[in-house]
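J.: give me a model of this one.
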Amino acid sequence: MTLTRSMARFTAGLAGAALLSAAFSAQARELSVSTVLSEAFPWGQAAEKWAELVEERSGGELTLRVYPNSQLVSGDQTREFSAMRSGLIDAAVGSTINWSPQVPELNLFSLPFFIPDEAAVDAVTGGDAGTLVFEAIESRGVIPLAWGENGFRQVSNSRGPISQPDDLDGLKIRVVGSPLFQDTFSALGADPTQMSWTDAQPALTTGAVDGQENPLSVFDVARIDQVGQEHLTLWNYMNDPLIFAVNQQVWQSLSEEQQAMLRETAEEAGAWEIAMTREQESERLAAIQERGVTVTELTDEQYQAFVDATQSVYEKWAPRIGEEVVNAAQAAIDAR
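T.: Prediction:
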């Protein structure tokens, strides 16, 4: 009799443990997070940091699974926002450039030579213009949570130094799938060629394109100097903020506590990544120069020549972005 009761208690205990495990499994939830670059880059590290913080704060109740290299959109980074909006992707740490075809206001950051330095970036993202941009994203079915940073984009090529607009004449430059980039490089006399990052490195290797533009972190980690890019010009012609965001339906399905935690952790991961990216810039530049890359830094006069050469692009795109957003950004830049 005693043995029977003991077995009964043991069996009941197992059943209880199984129920607890099932209850925990039912409560635990995994969200997919898309990024274009892997954790070898600051961009990917931002997503991994977010995932780490979420798992830690939620006790495993909510987890983020990061899918780098645009896996969830078959390598086509310009489809990321649409995929998130439709629910194919739960969340993303994405580029303003890649999302700009669906959210025109995001072209603000791609206006050539409009945002000159890091203080200007912070003034724009942290001010009224940043609020207007986030409202534009939310109106399209995606909830923006925080800013990150891919950095200022610099131009490189295999032909020679670029220090004036004429130096770009006829150069085939790989650009992302944004009409604004096409217009900018066309105004400078180049031959812009749109292709995904997946296709860009083979094209640089074979000489199908002469050059590309990317932040120093990408040039450094991807070793773009190894595919013939021996000349790099630091011209800060645009900044590429990152945005942590979640699909609207996913967001609404979360509790208020989970929403607050997801936003808080995104803000922490974004601030961490921005600080890291900026701190590493000088080290990356030194490493690039040590590998034999010729680096050109523009004088104020040379910089202004590029500003003047792309003025028509600004005039064409400012109305498309929205005068309210552009004016708010300009006011923030002037007041920085």
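J.: give me the below-cutoff pLDDT ranges for the stretch 1-150 of the chain.
T.: Low-confidence segments of the stretch 1-150 of the chain, defined by pLDDT under 70: 1-27.
J.: hey, where'd the helices end up in it?
T.: 2-27, 42-58, 80-86, 96-99, 118-125, 128-138 (DSSP state H, counting those that start in this stretch).
J.: could you do the stretch 201-336 of the chain as well?
T.: 216-221, 248-253, 256-290, 300-309, 311-321, 323-335.
J.: got the buried residues for the fifth one?
T.: Translated: helix 311-321. Of the residues in helix 311-321, 313, 314, 317, 318, 321 count as buried by neighbour count, 16 or more other C-beta atoms under 10 Å. From N, CA and C alone the C-beta is placed, and that goes for glycine too.
J.: before we move on, what about stretch 246-258?
T.: Within stretch 246-258, the residues that qualify as buried are 246, 247, 248, 250, 251, 254, 258, counting by 16+ other C-beta under 10 Å.
J.: could you dump the residues you listed into CSV with pLDDT and distance to residue 270 added?
T.: Below are these laid out as CSV (pLDDT from 0 to 100; distance: C-beta to C-beta, whole Å):
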residue, pLDDT, distance to residue 270
246, 98, 14
247, 98, 18
248, 98, 20
250, 98, 19
251, 98, 17
254, 97, 19
258, 97, 18
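J.: could I get the residues you listed as TSV with distance to residue 231?
T.: Putting those into TSV (distance: C-beta to C-beta, whole Å) gives the following:
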residue	distance to residue 231
246	41
247	42
248	44
250	45
251	45
254	48
258	49
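J.: ok, so of those, who is nearest residue 297?
T.: Ranked by distance to residue 297 (C-beta to C-beta), those are led by residue 246 at 39.6 Å.
J.: look up which residues are beta-bridged to that closest one.
T.: residue 91, residue 143 (DSSP bridges).
J.: my guess is it meets residue 262, correct?
T.: Yes. Contact status for residue 246 versus residue 262: in contact at 6.7 Å, counting by C-beta atoms under 8 Å.
J.: give me the common contacts of the two.
T.: Common neighbours of residue 246 and residue 262, counting by C-beta atoms under 8 Å, 6 or more residues apart in numbering, are residue 145.
J.: could you list the buried residues of stretch 207-215?
T.: Neighbour counts over stretch 207-215 (16+ other C-beta under 10 Å) mark 209, 210, 211, 212, 213, 214, 215 as buried.
J.: revised request: answer the last question for stretch 73-92.
T.: 73, 77-85, 89-92.
J.: and what of stretch 62-73?
T.: 62, 64, 66, 68, 70, 72, 73.
J.: CA atoms of it as PDB?
T.: Written as PDB, here are the backbone C-alpha positions of stretch 62-73 (Å, rounded to 0.1, in the frame of the first residue of the first chain):
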ATOM      1  CA  LEU A  62      10.100  36.700 -24.700                       C
ATOM      2  CA  THR A  63      13.000  36.100 -27.000                       C
ATOM      3  CA  LEU A  64      14.300  37.600 -30.200                       C
ATOM      4  CA  ARG A  65      15.800  35.400 -32.900                       C
ATOM      5  CA  VAL A  66      18.100  37.400 -35.200                       C
ATOM      6  CA  TYR A  67      18.200  36.500 -38.900                       C
ATOM      7  CA  PRO A  68      21.200  38.400 -40.500                       C
ATOM      8  CA  ASN A  69      22.100  38.900 -44.200                       C
ATOM      9  CA  SER A  70      18.500  39.700 -45.200                       C
ATOM     10  CA  GLN A  71      17.700  35.900 -44.900                       C
ATOM     11  CA  LEU A  72      14.000  36.600 -44.400                       C
ATOM     12  CA  VAL A  73      13.700  38.500 -47.600                       C
END
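J.: what pairs with the residue nearest the centre of the chain across the strands?
T.: Taking C-alpha atoms, centre = their mean as the criterion, residue 95 is the residue nearest the geometric centre of the chain, at 3.0 Å. Beta bridges link residue 95 to residue 242, judged by DSSP bridges.
J.: list the contacts for it?
T.: Taking C-beta under 8 Å, 6+ apart, we find residue 95 in contact with 36, 43, 77, 150, 240, 241, 242, 243.
J.: again, but for residue 246
T.: 31, 84, 90, 91, 142, 143, 145, 262.
J.: using PDB, write out every CA atom in stretch 156-164.
T.: The C-alpha trace of stretch 156-164 is given here as PDB (Å, rounded to 0.1, in the frame of the first residue of the first chain):
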ATOM      1  CA  SER A 156      35.700  54.400 -52.600                       C
ATOM      2  CA  ASN A 157      36.800  53.300 -56.000                       C
ATOM      3  CA  SER A 158      39.500  51.400 -57.900                       C
ATOM      4  CA  ARG A 159      40.500  54.100 -60.400                       C
ATOM      5  CA  GLY A 160      42.000  57.100 -58.400                       C
ATOM      6  CA  PRO A 161      41.500  59.700 -55.700                       C
ATOM      7  CA  ILE A 162      38.200  61.600 -55.600                       C
ATOM      8  CA  SER A 163      38.500  65.200 -54.400                       C
ATOM      9  CA  GLN A 164      36.100  67.000 -56.800                       C
END
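J.: what mean pLDDT does that stretch have?
T.: Here stretch 156-164 scores 98 as its mean pLDDT.
J.: show me what counts as buried in that stretch.
T.: Neighbour counts over stretch 156-164 (16+ other C-beta under 10 Å) mark 156, 157, 158, 162, 163 as buried.
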